[in-house]
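Peer 1: what follows is a predicted protein model with its sequence.
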Amino acid sequence: MNTDQIVRTFLEYFEERGHRRITGSTLLPPPGDPVLFTTSGMHPLTPYLEGRPHPLGRRLVNVQRCLRTTDLEEVGDNTHLTVFEMLGTWSLGDYEGPLSLDWGYGLLTEGFGVDPGLLHVTVFGGDDQTGPDTASLELWQERGVPVELTVEDNWWSNGPTGPCGPDSEIFLWTGDTPPESTPTGDERWVEVWNHVMMRHRRLVDGSLVPLPQRNVDTGLGLERLACLLQGRRSVFECDVFDPWRRIVPALWHLDNPSLRLVCDHLRSAVVVIGDGVRPANTGRGYVLRRLVRRVLTVLRRDDPSRGLEDLPSELIQHTLDHFRQDGDPDLVRKVLLEEERRFGRLLERGRQVLARPRFRGPLTEEDFHYLHDTHGLPRDLVLGLRSR
């Protein structure tokens, strides 16, 4: 299955089970949400998870684009992307966790053809505030799926306070050998689907109180699932990256980790710009600026003449189309090139600052803080300039 077929199969499966399709939001969270970007499908639905009636009912399904800055340092491995799509389902005070898990098992094994013998799950084992999730445990035992009980790994929260609850995560074996060990013991078990039994609210003092309704919130990473169903080793090998794998290596000769970072960050920057964000020194604009400058740092590390002028409009248009954005590819290109010019001016200033006697020896943490706070030179840029 290509990603379009995966999305269609997912949506139709849950529509047949009474879910109404809702339109995913942009990367910009609703007013009042403290996060910079939408990190999961539940963000736009927070009021409804807390009890407000949803106009389309109690069973919902959608595809939501997400951005997670917490994964920036992990981008380049086989499973992490900065911007990705999340397939989500919700029960707003309707059915309980075991039914959600049973449907998830059915879709994976029957709808997507996953061998049940390649599945493993984790379930909340209980702590001093909440008992073990015995309902989920019993469901998986009835289906014959091996279970690992954990505590912190199977408690989902949206921050130190707010909605939370136990979750059950479904993993798929990706090794060349028969499955072995457990998800916490072998990284060849890759998480594909998280089912959160969102029943509690954590207060400032750390205590838990019941939410007005017992919800189920699930999230299934599209690119990660696509790569597994397509027999690929990494998310960068699934079909959504086909044009990137075809075009970028011909533009710039890069090692594999650098190629993955450049493709991910440029693709993410296009989506962020497409949702109306512009480079800045704070907030969302700083995240965009950091993405673009990390790309430029990698490109110029081996060849200072490399630049974004070479980026084909085809890749920008493909990305905007894939994420269902109406942005103008020429405007996206203009934003990228202007940020590249700013970066060039910053590099020149950085060379002049680092040429001062104070910075000719080994740099201390105090030096790095000074260079960043006074001259706007981030650590990775300083290290790049010093290595030349």
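Peer 2: In hand now; what should we look at? Residues are numbered from 1 along each chain as shown.
Peer 1: my read is Met86 is in a strand, agree?
Peer 2: Yes: checked against DSSP: H, G, I helix; E, B strand; the rest coil, Met86 lies within a strand.
Peer 1: ok, it touching Ser40?
Peer 2: Yes: when contacts are counted by CB atoms under 8 Å, Met86 is listed as touching Ser40 (6.1 Å). Placement of C-beta: from N, CA and C, glycine included.
Peer 1: so those two - more neighbours on which side?
Peer 2: Under the criterion of other CB atoms under 10 Å, the comparison of Met86 against Ser40 puts Met86 first, with 23 against 19.
Peer 1: what's near enough to touch the more buried one?
Peer 2: By CB atoms under 8 Å, 6 or more residues apart in numbering, the contact set of Met86 is Ser40, Gly41, Val63, Gln64, Arg65, Cys66, Gly219, Leu220, Gly221, Leu222.
Peer 1: quick one: low-confidence parts of the chain?
Peer 2: For the chain, the stretches with pLDDT under 70 are 71, 388.
Peer 1: show me the helices in it, by range?
Peer 2: For the chain, the helices defined by DSSP state H cover 3-15, 46-49, 97-106, 134-143, 222-229, 242-251, 256-274, 283-302, 313-322, 329-354, 365-375, 379-386.
Peer 1: right, so of those, which gets closest to Trp173?
Peer 2: Among those, helix 222-229 comes nearest to Trp173, with 9.5 Å by CB to CB.
Peer 1: thinking again about what came up before, counting neighbours, which of the contacts of Met86 comes out on top?
Peer 2: Gly41 (27 neighbours).
Peer 1: beta partners for the nearest residue to that one once chain neighbours are set aside?
Peer 2: Of all residues not flanking Gly41 in the chain, Gly88 sits nearest, at 3.4 Å (CB to CB, 6 or more residues apart in numbering). Beta bridges link Gly88 to Asn62, Gly219, judged by DSSP bridges.
Peer 1: now Gly88: how far from Gly219?
Peer 2: Per CB to CB, to the nearest Å, Gly88 is found 5 Å from Gly219.
Peer 1: need the overlap of contacts for the two.
Peer 2: Joint contacts of Gly88 and Gly219 (CB under 8 Å, 6+ apart) are Ser40, Gly41, Met42.
Peer 1: so who does the last one touch?
Peer 2: The neighbourhood of Met42, defined by CB under 8 Å, 6+ apart, consists of Leu49, Gly88, Trp90, Asn158, Met198, Asp217, Gly219.
Peer 1: dump those residues to a markdown table, plus distance to Gln5.
Peer 2: Output for the contacts of Met42, formatted as a markdown table (distance: CB to CB, whole Å):
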| residue | distance to Gln5 |
| --- | --- |
| Leu49 | 30 |
| Gly88 | 18 |
| Trp90 | 23 |
| Asn158 | 31 |
| Met198 | 30 |
| Asp217 | 25 |
| Gly219 | 20 |
